[in-house]
Each structure stands twice: as C-alpha cells, then as structure tokens.
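K.L.:
I need the structure of the sequence given here:
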Amino acid sequence: MSQAVLVKSFQNGLQVLLDQDLLFDDLLLEIENKFKESAKFFQDARLALSLEGRSLTIDEEKKIVDTITQASGIHIVCLINKEESKNQIYLNAIHHFEQIRPQDSQGEFYHGCVKDGETIESDASIVIFGDVYPDCTVISKKDIIVLGGLYGKAVAGAEQEEEHIIIALEMAPQKLKINGIKLRTDKQGKWPIKPKIVPKMARIQNDKIVMEILTKETLASVTRGSLC
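P.N.:
Numbers count the residues shown, from 1 in each chain. Model prediction:
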C-alpha cells in the first residue's frame, strides 16, 4: 500500500496527508486509488476535508476534491485546517446546517477574509472561512455562515422568499438584513473584545431579527427545507 496518501478520520471529517515531493498528476492517481479502496465505506458521507503535507493552489485543491468525490461518493462539505482549534465549532455548525438544509448542496465557499471594502455576492448559500471586516458586505439570496467574525454587513434572503439565517462565530455586525428586515447595531466599525467565542445565529422571529446562541436546538428550530 502506497504511503504517498494517508487518510485519518476525526469527528465529521477526514485528514488527508499528502506526499510533498510526488508530481501532482501522480498524486491524484494515488488519491483516486486510495479512496476507491474505501468507496463502500464512505458512500454518500458528508464530511469536512483537511489536506495536509504540502502546499496546494486553489485549483489543485479543487482537483483533489473532485477526485475524491468521483472515486468514493463522499460529499465534501468544506476544506479546513485540521490544526485550528476552532474547527470543531465550525464543523458542528456546518454539520447541523447540513441536516436542516439537506437540499442546499450547491452552496458556495469563500476562503479568506473579506476586507478592504470588498463585497461578496452569491445566489446560493455561502460559507466564509475568515472574518468579514468593517465596511465590507456579504450578500446571499439564501443563508450566510461566517466561520470567523462578522464585523461588517450581511444581507441574506430575498424579501419574498422563505426565511433564511445568518450564522457567525463572532456576531458583531454593522448591519444585518434578512428577508428584507433590517437590524442596525451600535457597533459601527468596532472590533469586539470577547474572552470566549460564542457562535450566534440571526433569524426572523415575529417580524424582527433576533440573535440566538448557536446550539443544536436553535438550528433544529429553523424551518426544514426553506431553501430551494
């Protein structure tokens, strides 16, 4: 068995250790063979993926994800850095989100912080792996998950569609808007100082936006199947 590709599991995810010297095309073949061996075990699993051992471009990451998906049937929910201590919070949020949004498998992923006045827009749900800086904006016709701090502006859902949600690891937005309903805070451009990470979810309740600490119960209370 080749040692060019080693696969280890952790809760809700897989850690894939890659040989740093092998030519990339040869590495893809090794990955394909490795995951074909385990296809029956992983079929239709929904997992996070950590790619370690060598530096990869975004295009190379995409090719690896496509190879794993085709060889094994695994649905890769997201790419993460396994060494980050916050990842379990991220994985739990995404895991429960996938349970309540099972048909939203075409969501988009943005790797990195949104900064320098940037605006990110998507017709699908979007997961951001980084912070949204003050004076930056994220707009989605569906749901928004920020796996970092939301310090800028976020707009989720269209006015006439079913209700959507905004989740952030640290929720301190300048402005929020969900399904046409606005929430303005007094934290314009400020960076919060918190002793503890408390992921929160913003949602519509009684025609107002409410903030709730993110738990299994709060996620389960979101209407199942609201995305289309």
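K.L.:
every contact and neighbour count from this point should use C-alpha atoms.
P.N.:
OK.
K.L.:
low-confidence ranges in the chain?
P.N.:
Counting by pLDDT under 70, the chain contains low-confidence ranges at 1-2, 11-12, 77-78, 81-107, 159-161, 184-197, 215-228.
K.L.:
for the residue nearest in space to the middle of the chain, what are its contacts?
P.N.:
When the chain is reduced to its mean C-alpha position, the closest residue under CA atoms, centre = their mean turns out to be residue 127, at 3.8 Å. With contact taken as CA atoms under 8 Å, 6 or more residues apart in numbering, residue 127 is in contact with 107-110, 144-147.
K.L.:
pick out the most distant pair among these.
P.N.:
107 and 147 (14.5 Å; CA to CA).
K.L.:
same drill for these two, tell me which one is more crowded.
P.N.:
Here residue 107 and residue 147 are compared on neighbour count by other CA atoms under 10 Å; more neighbours surround residue 147, at 27 against 16.
K.L.:
where does that one fall, phi/psi-wise?
P.N.:
Backbone torsions of residue 147, given as degrees, to the nearest 10, read phi -90, psi 70.
K.L.:
repeat that for residue 28.
P.N.:
Torsion angles, degrees, to the nearest 10, at residue 28: phi -60, psi -40.
K.L.:
now it. Nearest residue, chain neighbours left out?
P.N.:
Computed as CA to CA, 6 or more residues apart in numbering, the closest residue to residue 28 that is not its neighbour in sequence is residue 64, at 6.6 Å.
K.L.:
try residue 130
P.N.:
Leaving aside its sequence neighbours, residue 130 sits nearest to residue 113 (CA to CA, 6+ apart; 4.4 Å).
K.L.:
one more: residue 209?
P.N.:
Looking at residue 209 with CA to CA, 6+ apart, the closest residue is residue 203, at 5.4 Å.
K.L.:
now do the same contact list for that neighbour.
P.N.:
Counting by CA under 8 Å, 6+ apart, residue 203 touches 163-166, 178, 209-211.
K.L.:
how's the chain carved up into domains?
P.N.:
Annotated domains of the chain cover 5-80, 96-220 [automatic domain parsing].
K.L.:
residues near residue 117, how many?
P.N.:
A count of neighbours around residue 117, defined by other CA under 10 Å, yields 12.
K.L.:
go on, residue 154?
P.N.:
A count of nearby residues for residue 154, using other CA under 10 Å, gives 24.
K.L.:
find the helix or strand that it is a member of.
P.N.:
Secondary-structure element containing residue 154, defined by DSSP states H and E: strand 153-156.
K.L.:
helices and strands around the next helix-or-strand element following that strand, which ones?
P.N.:
Reading on from strand 153-156 to the C-terminus, the next helix or strand found by DSSP H and E is strand 166-171. Helices and strands touching strand 166-171, by 3 or more CA pairs under 8 Å, 6 or more residues apart in numbering; DSSP states H and E, are strand 144-150, strand 200-205.
K.L.:
quick one: work out the angle between strand 166-171 and strand 144-150.
P.N.:
Between the direction of strand 166-171 and that of strand 144-150, the angle (axes from the mean of the first three to the mean of the last three CA atoms, to 10 degrees) works out to 10 degrees.
K.L.:
which residues sit against strand 166-171?
P.N.:
Contacts to strand 166-171, defined as CA under 8 Å, 6+ apart, come from residues 90, 143-151, 154, 156, 178, 197-203, 214.
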